[in-house]
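What shape does this take:
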Amino acid sequence: MAAKLEKDKKWKWPAENMREWTDEELTTNARDFGDRILRLRFQYTTGQTDVLLSLQQLRKGLARLKTVQRERETEKAPSK
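Numbers count the residues shown, from 1 in each chain. Next up is the predicted model:
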């Protein structure tokens with residue numbers, strides 16, 4: 001299981017790389033991150049404690065992604 005998580009580390013990308021993604025990619029990846037968090041939470045509750053670090057990093061990646069989405073929303077909104 002740990003080997004699969006090692007090759008699947010696109011969620012560790014910094015926010016600078018996420019800013020290059022299109023809006024569709026951000027939405028798709030946000031959904032993907034959420035699905036992965038859900039699966040990792042189930043693994044964690046079943047006693048596979050080696051997924052805790054991956055779960056924490058994935059949450060941070062999702063937060064970065066949502067931050068980039070919010071930045072784009074505020075740029076598009078007209079100023080009052």
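
Can you tell me the centre-most residue of this protein?
Compute the mean C-alpha point of the chain, and by C-alpha atoms, centre = their mean the closest residue is L62, 3.0 Å away.

any idea which helix or strand carries it?
helix 52-76 (DSSP states H and E).

W21 too?
Going by DSSP H and E, W21 is not part of any helix or strand.

rewinding a little: for the residue nearest to the centre of the chain, which non-adjacent residue is closest in space?
Closest residue in space to L62, ignoring its immediate chain neighbours: F33 at 4.3 Å, by C-beta to C-beta, 6 or more residues apart in numbering. (Glycine included, C-beta is placed from N, CA and C.)

ok, now which ones touch that neighbour?
Counting by C-beta atoms under 8 Å, 6 or more residues apart in numbering, F33 touches 11, 58, 61-62, 65.

what are the phi and psi angles of it?
With angles defined as degrees, to the nearest 10, F33 sits at phi -60, psi -40.

Distance check, the residue lying closest to V68 once chain neighbours are set aside against L40.
Spatial nearest neighbour of V68, chain neighbours left out: M18 (4.8 Å); criterion: C-beta to C-beta, 6+ apart. Using C-beta to C-beta, to the nearest Å, M18 is found at 20 Å from L40.

Which elements pack onto the host helix or strand of N17?
Assigned by DSSP H and E, N17 belongs to helix 15-18. Packing partners of helix 15-18 (3 or more C-beta pairs under 8 Å, 6 or more residues apart in numbering; DSSP states H and E): helix 52-76.

Now do the helix it packs on: which elements does it pack against?
In this structure, helix 52-76 makes packing contacts with helix 15-18, helix 23-45, judged by 3+ C-beta pairs under 8 Å, 6+ apart.

Can you name the residues in contact with that helix?
Against helix 52-76 from outside (C-beta under 8 Å, 6+ apart): 5, 11-15, 18-19, 21, 23, 26-27, 29-30, 33-34, 36-37, 40-41, 44.

out of these, which are buried?
For the contacts of helix 52-76, a burial check counting by 16 or more other C-beta atoms under 10 Å picks out 5, 11, 18, 21, 26, 29-30, 33, 36-37, 40.
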